[in-house]
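>>> Model the following, please.
(2 chains)
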Amino acid sequence: MPPPARNCRASPRGATRPSGASPRAACAHLAALGARRLVVVDGHFDLALSDLDALEAGLSIGSLARALADGERNVLARVGAQTGADGDPAYALNTAFMRDGVVITLADGAIVERPIHLAFVHAASSPRAVFARSLITIGAGAKVMIVESHEGAPASDYQVNNATDFAVGARAEVAHLKLTGEAANALHVATQVATIGAQARYSSFTFNVGGALVRNQMFVRCAGEGSTVDLGGVSLLRQRQHADNTLVLDHAFGGCVSREMFKVVLADSSRGVFQGKIIVRPHAQKTDARMMSQALLLSPDAEADNKPELEIFADDVQCGHGATAGAIDADLKFYLMARGIPEAQAEALLIQAFAGEAVETIAHAGLREIVMDAVIAWLKAR
Amino acid sequence: MSEDNEVALLEIRNLHVSVDERLILKGLNLTVNKGEVHAIMGPNGSGKSTLAHVLAGKSHYAVTAGGVTFEGEDLLGLKPNERAAKGLFLAFQYPLEIPGVATMNFLRTALNAQRKTRGEAELTTPDFLKRVRGEAAKLNIDQDMLRRSVNVGFSGGEKKRNEILQMALLEPKLAVLDETDSGLDIDALKVVADGVNHLRSPERGMIVITHYQRLLDHIVPDIVHVLSRGRIVRTGGKELARELEAEGYSAYQEEAA
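Below is the predicted model:
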């Protein structure tokens, strides 16, 4: 039995209310799943607010600030290591300015049943820029679920440049969920770097409702044979929101299977961007990669930009991609209305079904429910 | 046709409808009373499906003259969902697939939306499940089908049975069956026809639109109309359907020309 989760009130400085549909409700959901909550306030890992009791065998959690101050060699090596994000300006800026974050290490074979919830809270009343870096190292054969949530005080102006680096050992299993519900004026740039060992399973899902401008970038590298990578995302945008999901998936070794499914729903004059690049290196034979990105435009002023890219240097691979953009199907809507369902409800049902196809790719029922509930909450507020 | 002074269930007067500026219905008249089953037969392109869609309220069809009343109220000013809540049901010729919407959820949403529009209480979950399971069993629809997305991966027969299931649950006052026989083999046709016959009632009217007489062997109409070039050109009893089967539509096409 996991210990009872702590109260979801995050900020010692009060006044943090979630801006979007997700974080507060998600927090309660995660508590119900027995998640271990780690709180990062304005870029600083707040040990006092975090649940560090009774760590499971093989799990260690510390602050990046302390690790850097102590000159921990493993951490310094990770921060200085080459990654797929090298040369990326946002990531370089994070490297230059980051001072703190969460360092999580799972020993080989450690199985952690309680999800780990990284709650990034922006509580500052004055405008600021926040840079945090988290390092997550998962040993061979270890298993864990990591949920990130990002939220901020509603009327505040701030920008976030966040980076989360995963090193996933051979045969390890990692499920990652990122919930972005930043304040309406916030600018949020997040970089996810993941290096995936042989025969490991890595899944990451990005749900996005908040912020004025959000960019989620993912640099994922299959660094051993036979791994499985599932990347997915749903963005629900309105007014003048802009959200960008950009991913580079590097099949550096053969025999890996990857699936990507990203969906965006665009109301008002919002804009959604998807850029997905899959690289298959010359010796990465038997790669099986499929990418899909789809946009549903609810307004003539909305814009969707899709850019799939495949760079294939091996000759015995299966790779495919698809990209679609369109409005709600008028015939489907008529069918629902002809059965007595009012127009707004018929649209909501079709939007839910559109987003639901991607949400269904989340393997864990509890995490899937968190995202589906957030989709329904967004539709109700529409 | 009405034997007393009761208001007709459906009254279509001089209906003119155009699609993309092409006139399809050219002065159609039809009265349907409670308890009557009308068959509308006609060659391809005569306007049968246009009539069905105009009654259900599909946009894209422009009514340029004439009108339609449903129990004495103007129908054409209502949205499709309002027409459904008043008791009008269209069984689609080509039922649509809705990926991601479970059939059970769809049925429940539709039924409760109609009840809400009529100011009735929503059905409780146990009551709803009991009703769905009862009606589904009569149509040989198994539980697995109800869990799947609406019509996704359904055979032609399953799609049509799903339409009749919706009709049974929604209990319309007037059901319009648009080419319900198309794409069905004889066994599937019998299941569908049995489902429809089961729903015949002195309180309910039906319009069965079909190209072929075969369906009318199973759903026997009270009145048969021949639609040609946008008008009803002949009305008779059920024997008219057999005559059409024997002689074809050519006589009417010339007559209307």
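>>> C-alpha from now on. contacts and neighbour counts both.
Will do.
>>> Where does residue 134 fall, secondary structure wise?
Picking chain A for this. A:Ser134 belongs to strand A:128-138 when assigned by DSSP states H and E.
>>> actually chain B
helix B:125-138.
>>> Likewise for A:Gly109?
For A:Gly109, there is no enclosing helix or strand under DSSP H and E.
>>> For it, give its distance to A:Gln345.
48 Å (C-alpha to C-alpha, to the nearest Å).
>>> A:Ala132 too?
The spacing between A:Ala132 and A:Gln345, counted by C-alpha to C-alpha, is 41 Å.
>>> higher neighbour count, these two?
A:Ala132 (27 against 17; other C-alpha atoms under 10 Å in any protein chain shown).
>>> so what's the backbone phi/psi at whichever residue of the stretch 51-200 of chain A sits closest to chain B?
Proximity of the stretch 51-200 of chain A to chain B (C-alpha to the nearest C-alpha) peaks at A:Leu177, 21.6 Å away. When read as degrees, to the nearest 10, the backbone of A:Leu177 gives phi -130, psi 130.
>>> who does it bridge with?
A:Val147, A:Phe205 (DSSP bridges).
>>> residues near the residue of the stretch 201-350 of chain A found nearest chain B, how many?
Nearest residue of the stretch 201-350 of chain A to chain B (C-alpha to the nearest C-alpha) works out as A:Gly340 at 3.9 Å. By the measure other C-alpha under 10 Å, the count of residues near A:Gly340 is 31.
>>> With B:Asp185 instead?
Taking other C-alpha under 10 Å as the definition, B:Asp185 ends up with a neighbour count of 11.
>>> Okay, it and A:Leu350: tell me how far apart.
32 Å.
>>> so what pLDDT did the spatially most central residue of chain B get?
Nearest residue to the geometric centre of chain B (C-alpha atoms, centre = their mean): B:Val176, 1.6 Å. On pLDDT, B:Val176 comes in at 96.
>>> Where does it sit: helix, strand or coil?
When classified by DSSP: H, G, I helix; E, B strand; the rest coil, B:Val176 comes out as strand.
>>> I'd guessed it sits against B:Arg204; true?
No: taking C-alpha atoms under 8 Å as the definition, B:Val176 is not a contact partner of B:Arg204, at 11.1 Å.
>>> give the contact list for A:Gly340.
B:Pro80, B:Asn81, B:Glu82, B:Arg83, B:Ala84, B:Ala85, B:Ala110, B:Leu111, B:Ala113, B:Gln114 (C-alpha atoms under 8 Å, 6 or more residues apart in numbering or on different chains).
>>> returning to that earlier point: and the pLDDT for the residue of the stretch 51-200 of chain A closest to chain B?
On the pLDDT scale, A:Leu177 gets 97.
>>> if I look at B:Glu179, how far off is B:Glu97?
Distance from B:Glu179 to B:Glu97, by C-alpha to C-alpha: 18 Å.
>>> who's more crowded, the two?
Between B:Glu179 and B:Glu97, B:Glu179 has the larger neighbour count (other C-alpha under 10 Å), namely 22 against 16.
>>> For the more buried one, grab phi and psi.
The phi/psi pair for B:Glu179 (degrees, to the nearest 10) is phi 50, psi 50.
>>> mind listing what the helix or strand harbouring A:Ala190 pairs with, with the direction of each?
Assessed by DSSP H and E, A:Ala190 sits inside strand A:187-196. With DSSP bridges as the test, strand A:187-196 is paired with strand A:158-168 (parallel), strand A:213-222 (parallel).
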